[in-house]
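# Kindly generate the corresponding structure for this input.
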Amino acid sequence: QVILGNDVNNQFIMLLNTVQVKCEEVMRIERSVAELHQTFLDVASLTEWQGGLLDHFEYQRGYANDYDVEGSLDIYDAILIQRENRKKRLRIFLTVLGVVVLAIA
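Presented below is the predicted three-dimensional model:
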């Protein structure tokens, strides 16, 4: 074996230290990228979940809208029935009043 000179040996150690530092930096970057990837997966999962909630809200809004329209039609029908009932009561009242007037006269 040839023993390297002290100068060459120091350069080799410095190069080795530099490579180790660069390797640690690459590993740190790799961990950061993996962490960023996980963050994106979490955001995608949350976005999908929120999309499901929005779909559910939209469905419920449509369902409520159907009830609103149906309720409005029922109210309109009730108003028409109430008007007819008033007319019938007025006719009955006038008929009874007429009979009473004829009975008195």
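# Relative to the whole chain's centre, how far out is the helix or strand hosting residue 81?
Element membership for residue 81, per DSSP states H and E: helix 6-104. Relative to the chain's own centre, helix 6-104 is displaced by 3 Å; criterion: Cα atoms, centre = their mean, to the nearest Å.
# Could I get the average pLDDT for it?
Averaged across helix 6-104, pLDDT comes to 92.
# OK, contacts around the most centrally placed residue in the chain?
Nearest to the mean C-alpha position of the chain, by Cα atoms, centre = their mean, lies residue 54 at 2.8 Å. Residue 54 sits next to no residue when contact means Cβ atoms under 8 Å, 6 or more residues apart in numbering. To be clear about C-beta, it is placed using only N, CA and C from the backbone, and glycine gets the same treatment.
# So what's the residue count around residue 27?
Residues near residue 27, counting by other Cβ atoms under 10 Å, number 10.
# From residue 20, how far out is it?
The gap separating residue 27 from residue 20 is 10 Å, by Cβ to Cβ, to the nearest Å.
# Equivalent analysis for residue 48, please.
In terms of Cβ to Cβ, residue 48 sits 42 Å off from residue 20.
# got it, and residue 41?
32 Å.
# how many neighbours does residue 17 have?
10.
# nope, residue 74 is what I meant
Using other Cβ under 10 Å: residue 74 sits among 10 other residues.
# Please apply the same query to the one 3 residues further on.
Using other Cβ under 10 Å as the criterion, residue 77 is surrounded by 10 other residues.
# What separation do you get for it and residue 35?
For residue 77 relative to residue 35 (Cβ to Cβ), the value is 63 Å.
# and what of residue 81?
Distance from residue 81 to residue 35, by Cβ to Cβ: 68 Å.
# before we move on, what about residue 85?
Residue 85 is 73 Å from residue 35, by Cβ to Cβ.
# repeat for residue 61
Counting by Cβ to Cβ - residue 61 and residue 35 are separated by 38 Å.
# again with residue 87
According to Cβ to Cβ, residue 87 and residue 35 sit 78 Å apart.
# do the same with residue 7
Distance from residue 7 to residue 35, by Cβ to Cβ: 42 Å.
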